[in-house]
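Trainee: Generate coordinates for the sequence data below:
(2 chains, ligands or ions: 6)
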Amino acid sequence: MSLLEVRDLEVHFPIKSGTLFQRTVGAVKAVDGVDLDIEAGTTFGLVGESGCGKSTLGRAIMRLIEPTKGSVTLDGQDILALSERKMRSVRRQFQMVFQDPMASLDPRQSVESLLTEPLRAHKFPGGSAGHAKRVRELLDVVGLPESVVNRYPHEFSGGQRQRLGIARALALNPALIIADEPVSALDVSIQAQVINLLKELQERFSLTYVVIAHDLAVVRHISKTVAVMYLGGIVEQAPAADLYRQPLHPYTKALMSAVPVPDPNVEETRSRILLQGDLPSPANPPAGCRFHTRCPWKQATKCDTERPALRELPLVAPGHKVACHYAEDILAGKITPHEVRPEEVELTPAGSSPGSIEATEAHVAGGLTPGGPPGAH
Amino acid sequence: MSLLEVRDLSVTFTRSGQQPVRAVDGVSFDVAAGQSVGIVGESGSGKSVTSLAVMGLLPSRGVSVGGTVTLDGNELTSMDQRALRDVRGRDVAMIFQDPMTSLNPVVTIGRQLTEVLIRHAGLAKGEAKAEAEQLLRRVGIPDPVRRLGEYPHQLSGGMRQRVMIAIAIACRPKLLIADEPTTALDVTIQAQILDLLRTLVAESGCGMIMITHDLGVVAGLCDDVHVMYSGRIVESAGTKDLFARPSHPYTDGLLQSIPRIDDDDPDNLLHTIPGSARDTVPWDRGCAFQPRCERAVAECLSGPPPVAELGTPIVPHPVRCVRPVGEDVILHEGNVAR
Ligand SMILES: Nc1ncnc2c1ncn2[C@@H]1O[C@H](COP(=O)(O)OP(=O)(O)OP(=O)(O)O)[C@@H](O)[C@H]1O
Ligand SMILES: Nc1ncnc2c1ncn2[C@@H]1O[C@H](COP(=O)(O)OP(=O)(O)OP(=O)(O)O)[C@@H](O)[C@H]1O
Ligand code: SF4
Ligand code: SF4
Ligand SMILES: [Mg+2]
Ligand SMILES: [Mg+2]
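Mentor: Ligands and ions are numbered 1, 2, ... in the order given. The predicted structure follows:
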């Protein structure tokens, strides 16, 4: 059963104009019609580029931002219909972990007081003796020595601060943790520690995670299901292994082919789909398929007029959902990428004979193969 | 002789009332024309300070710089500020992580580009304008004529970085230093920028130093790599050699701990390096990585670890470690020369 169900969720931020009498002149469509089903005890990964609406979606699920439309159901309970008071007691069931949790906290508060705060606010049983015991338990769970209780946030390294953030999130035994870029501020050698910790805690406490990150390799590593967002909508969703083995949406293909792989032999031989231009503004998203302005596979009909729904392809890829009118044809190789707009470039191996931009273009004209992550073919 | 030769470079920050901080400690490396050299390492390991020292951009007060930096036969560390400014405008150029720190927010893109061309390449105003347009076209900015009249805030992050690159290559520098040029960008935009840098180096034959924490970027772009830890280079090798035979325990642990997008079995726990870079030992007492090292032995704390010259004279692969990965013997000053 799904622990969390999201239906047609929408968060539009009004754009106001005028000084004295503010009028709403438009809206930033940060989240624009999202459906999610998150199974208890699993990790749901959410990836996408800056500004596509990942954090807004995470916050709207927790009702830290009021959605403009849609429903969020946690454990059968309609969150958005709850009164302020009821919401307070439900809120302990889900917690958020941020990129740098301590950045938003009072630097004058000791670890003891940072961790006791949520216990007190939600009347965790046991009184102050119980709270003190719980604080030590939490530190132990995240691998920090008890002796840190009297220390202050600035005395910790980034990885230790993230452990504290996780301890704080765990304080009230939540069911769901939404982690927004939990490792992106950390050194590579520290990221692995925190990723492992999250995994271990999930097993130990049967936690459900939504992990938001722009690092696709990190998300692949910890998620059971991964969803890819583009301009406020989910364009593809699948079990992690399937998504990475066989991305179906043109945007996902481009995204994955762009991720650098720490292996010079792979980097030398893989092909890459280079997207043209930048993300369009969510205040004025393209009509039809939001990706059509950059899509190498864009077709003359439907793409710029009809918004594709997120749908499963039961015959060719069960369990795999994609929002593209032409997903089947692209998969079957019946339509090939557009020849001018995208520059699919065979990488010039570093240090080999100089290639020129002309050579690159000549290569494009020489035929395109659908890209994907290395090893996808 | 290489285009750039850095020898025994050291940078110490001294502030009154505080312990001096040795941010860079005896760093040596070469960059040949047409070559891309990667510098990787943990946050605070000294990558940026190294590049600032090469550019002569460190403040003159509260900093002492030792060693030599030779570009095309000219020693830079002893040059006076005026001569250095000329070198910086003409022969070496730098690209930073955040273009907003180096672009002037109240001056148009066009003016910032033409100023560089007039001052350092000696072009007349009209020529500079035409050249500026060419440069924007070259770095892949659509509609360059319109962009020349715009201000930095009117451009996206990716486009600002392209403008920075255009300014950097305006005077056809011999050396390009890129300090995390794509860290703030999205991965699809990063791919565009890396592709551009790759093409520029190949076409112009300039040398490039690429500072990054992303070993994937190194794998796709660099010929040689230097791994820094706590202010020193701990391992240097050709890129393929480094990835095939990581020999410093830090490099080895780092490569194993990165989740990969093409991982076939992502369900396992990742390999981890315990502790953080804060747990360290001063180099003169032993190996700075010792508190986190799985291979540490008693010898690791008896003075600075020697450099083991692994690899061959033609394909050198020096490693600063008494017990490199894959080596059974414990190395010391007496037996490292091989
Ligand atoms: N409070 C707000 N008011 C108006 N617009 C907002 C607000 N919060 C976010 N936005 C806009 O909504 C869009 C989505 O933002 P969001 O922070 O959710 O993106 P994100 O995917 O988390 O990006 P990043 O990877 O940079 O964190 C952006 O265009 C952003 O500018
Ligand atoms: N102006 C300064 N005064 C004192 N110490 C400094 C100064 N600039 C840098 N340092 C110190 O020098 C060391 C190396 O810093 P540097 O900026 O080179 O690190 P880095 O490898 O570039 O790290 P990052 O990946 O975070 O950019 C750090 O310990 C830093 O605190
Ligand atoms: S619907 Fe059309 S524009 Fe959108 S991803 Fe599919 S092919 Fe591309
Ligand atoms: S010198 Fe010793 S502590 Fe340092 S990396 Fe080598 S084995 Fe590890
Ligand atoms: Mg965000
Ligand atoms: Mg730096």
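Trainee: Can you give the contact residues for stretch A:189-198?
Mentor: If you take CB atoms under 8 Å, 6 or more residues apart in numbering or on different chains as the criterion, stretch A:189-198 is touched by A:142-143, A:157-159, A:162-163, A:166, A:179, A:182-183, A:186, A:209, A:211, A:218, A:221-222, B:42, B:250, B:253-254, B:257-259, B:269-274, B:276-277. Using the backbone N, CA and C atoms, a C-beta is placed for each residue, glycine as well.
Trainee: which residues does A:Arg272 bridge with?
Mentor: Using DSSP bridges, the beta-bridge partners of A:Arg272 come out as A:Val345.
Trainee: thinking it is in contact with A:Met256, fair?
Mentor: No - at 9.9 Å, A:Arg272 and A:Met256 do not qualify as touching, with contact defined as CB atoms under 8 Å.
Trainee: Could you list the contact residues of chain B toward ligand 4?
Mentor: Residues of chain B lying close to ligand 4 (CB under 6 Å from any ligand atom) are B:248-249, B:287, B:289-290, B:293, B:295-296, B:300, B:305, B:321-323.
Trainee: List buried members of those residues by neighbour count.
Mentor: Among the residues of chain B next to ligand 4, the ones that count as buried by 16 or more other CB atoms under 10 Å in any protein chain shown are B:248-249, B:287, B:289-290, B:293, B:295-296, B:300, B:305, B:321-323.
Trainee: Leaving out chain neighbours, which residue sits closest to the residue of chain B found nearest ligand 1?
Mentor: For chain B and ligand 1, the shortest gap (CB to the nearest ligand atom) falls at B:Asp186, measuring 8.0 Å. Once flanking residues are discounted, B:Asp186 sits nearest to A:Glu49: 4.0 Å by CB to CB, 6 or more residues apart in numbering or on different chains.
Trainee: tell me which element that neighbour is part of?
Mentor: Counting by DSSP states H and E, there is no helix or strand that carries A:Glu49.
Trainee: Would you mind listing the residues in contact with it?
Mentor: Applying CB under 8 Å, 6+ apart, the residues near A:Glu49 are A:His214, A:Tyr230, A:Leu255, A:Leu279, B:Asp186, B:Val187, B:Thr188, B:Ile189.
Trainee: Over to the residue of chain B closest to ligand 1: give its phi and psi.
Mentor: Backbone torsions for B:Asp186, taken as degrees, to the nearest 10, come to phi -70, psi 160.
Trainee: hang on, it packs against A:His214?
Mentor: Yes - counting by CB under 8 Å, B:Asp186 touches A:His214, with 6.9 Å between them.
Trainee: Which one's more surrounded, these two?
Mentor: Taking other CB atoms under 10 Å in any protein chain shown, B:Asp186 and A:His214 do not tie; B:Asp186 has more neighbours (23 against 18).
Trainee: Check which helix or strand the nearest residue to B:His248 once chain neighbours are set aside maps to.
Mentor: Leaving aside its chain neighbours, B:His248 sits nearest to B:Glu235 (4.0 Å; criterion: CB to CB, 6+ apart). Using DSSP H and E, the element containing B:Glu235 is strand B:232-238.
Trainee: close enough to count as contact, A:Gln202 and A:Tyr209?
Mentor: Yes - with contact defined as CB under 8 Å, A:Gln202 reaches A:Tyr209; the gap is 6.4 Å.
Trainee: Mind checking which of the buried ones among the residues of chain B next to ligand 4 land in helices?
Mentor: The helices, defined by DSSP state H, take in B:Pro249 from those.
Trainee: Against ligand 3, how distant is the residue of chain B closest to ligand 1?
Mentor: Distance from B:Asp186 to ligand 3, counting by CB to the nearest ligand atom, to the nearest Å: 18 Å.
Trainee: ok so, going back, looking at the residue nearest to B:Asp186 now. What's its pLDDT?
Mentor: Per-residue pLDDT puts A:Glu49 at 89.
Trainee: State the distance from it to A:Ser184.
Mentor: According to CB to CB, to the nearest Å, A:Glu49 stands 13 Å off from A:Ser184.
Trainee: Name the residues contacting each of those two.
Mentor: Counting by CB under 8 Å, 6+ apart, the contacts common to A:Glu49 and A:Ser184 are A:His214.
Trainee: Remind me which helix or strand the residue of chain B most remote from its centre belongs to.
Mentor: What lies farthest from the middle of chain B is B:Gly126; by CA atoms, centre = their mean that is 35.5 Å. Using DSSP H and E, B:Gly126 maps to helix B:125-138.
Trainee: in chain A, which spans are strands?
Mentor: Ranges of strands within chain A are A:2-17, A:23-39, A:43-47, A:69-74, A:77-78, A:94-97, A:176-180, A:208-212, A:225-230, A:233-239, A:271-274, A:311-313, A:317-322, A:343-346, based on DSSP state E.
Trainee: Where does B:Asp195 sit: helix, strand or coil?
Mentor: The three-state label given to B:Asp195 by DSSP: H, G, I helix; E, B strand; the rest coil is helix.
Trainee: For it, report the pLDDT, please.
Mentor: B:Asp195 is given a pLDDT of 91.
Trainee: how deep is it tucked in, by neighbour count?
Mentor: Residues near B:Asp195, counting by other CB under 10 Å: 21.
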